[in-house]
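In: heads up, no residue letters with this:
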């Protein structure tokens, strides 16, 4: 029997989806997650927020970073590699500071790989303080190789005990399960296309509540939408049709 090719096997790995998903959130009482998605679709762009997300920024050595450049060292656009059928697990979680909503865009992973998105680099800090000296050592790149550091620092994160001298007593976090990918601030905003030409298309589908699918599909040039809180089988025909249009070999339902 001939041995199987790895690329053929991966087409059937449900835990390795061909997608990366960006979900939106409410920014304030006026700017809701739905409004943010509308803006993303209108501009065809994910914008850099400038928010500090790198764990490097919680260490004292980050004080060597020029304040005007901190967002370049510590910020990124974030997406998740969570399988499409499990996106609902990122929504409506009690006690979270960042409350993601069922509005978003499902991108083609292969396309985003070409556009400077990388898996987040998770350091295990379950043994308190274990990661601090590692991250401090990495932090020295800010002065010795600043351009390379700007491409690398935003990818760095930890799970376990919080890092840095100002962490709260007993502080703990673990977002490893979110399977985050990031585009460092260094590379700027991410402009994308959902052209009808598969070769120029970065998007598989959009996400929104079932009651708003007609609205979003009507303003998005035929881009299909699904509700991430419902089983994919509800949208099987729509997803299979989209898969064929984009020549995706990976199973999507």
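Out: Great, that's in hand. All figures in this text were calculated on a predicted structure; none of them were measured in a lab.
In: distance of residue 35 from residue 122?
Out: According to CB to CB, to the nearest Å, residue 35 stands 32 Å off from residue 122. Heads up, the C-betas are built off the backbone N, CA and C, glycines and all.
In: among those two, which residue is more densely surrounded?
Out: residue 122 (20 against 14; other CB atoms under 10 Å).
In: against residue 20, how distant is the closest residue to the more buried one other than its chain neighbours?
Out: What sits nearest to residue 122 in space, not counting adjacent residues and going by CB to CB, 6 or more residues apart in numbering, is residue 176, at 5.2 Å. Distance check for residue 176 against residue 20: by CB to CB, it reads 16 Å.
In: which of these two has more residues huddled nearby?
Out: Using other CB under 10 Å as the criterion, residue 176 and residue 20 rank with residue 20 on top: 26 against 14.
In: what is the burial count for residue 69?
Out: Using other CB under 10 Å, residue 69 has 14 other residues around it.
In: ok, it - contacts?
Out: 146, 150 (CB atoms under 8 Å, 6 or more residues apart in numbering).
In: same question for residue 100.
Out: Contacts of residue 100 (CB under 8 Å, 6+ apart): 23, 24, 25, 33, 90, 91.
In: what's the distance between the residue nearest to it when sequence neighbours are not counted and residue 38?
Out: Leaving aside its chain neighbours, residue 100 sits nearest to residue 23 (4.3 Å; criterion: CB to CB, 6+ apart). Using CB to CB, one gets 14 Å for the distance from residue 23 to residue 38.
In: which of the two has more residues huddled nearby?
Out: residue 23 (24 against 17).
In: list the contacts of the closest residue in space to residue 126 that isn't next to it in sequence.
Out: Distances taken as CB to CB, 6+ apart place residue 160 nearest to residue 126, at 3.7 Å, with adjacent residues excluded. Residues in contact with residue 160 (CB under 8 Å, 6+ apart) are 124, 125, 126, 127, 128, 130, 131, 172, 173, 174.
In: from these, which has minimum pLDDT?
Out: Lowest-confidence member of the contacts of residue 160: residue 172, scoring 67 (pLDDT).
In: ranges for the strands of the protein?
Out: Assignment of strands within the chain using DSSP state E yields the ranges 19-25, 45-46, 76-80, 100-108, 118-119, 121-125, 156-161, 172-173, 180-184, 190-191, 203-207, 225-226.
In: elements contacting the fifth one?
Out: Based on contacts counted as 3 or more CB pairs under 8 Å, 6 or more residues apart in numbering; DSSP states H and E, the elements that strand 118-119 packs against are strand 180-184.
In: and the strand it packs on, which strands flank it?
Out: Sheet pairing for strand 180-184, assigned by DSSP bridges, gives strand 76-80 (antiparallel), strand 118-119 (antiparallel).
In: centre of the chain to it, how far?
Out: Its chain's C-alpha centre and that of strand 180-184 lie 6 Å apart, by CA atoms, centre = their mean, to the nearest Å.
In: let me see the mean pLDDT of that strand.
Out: 97.
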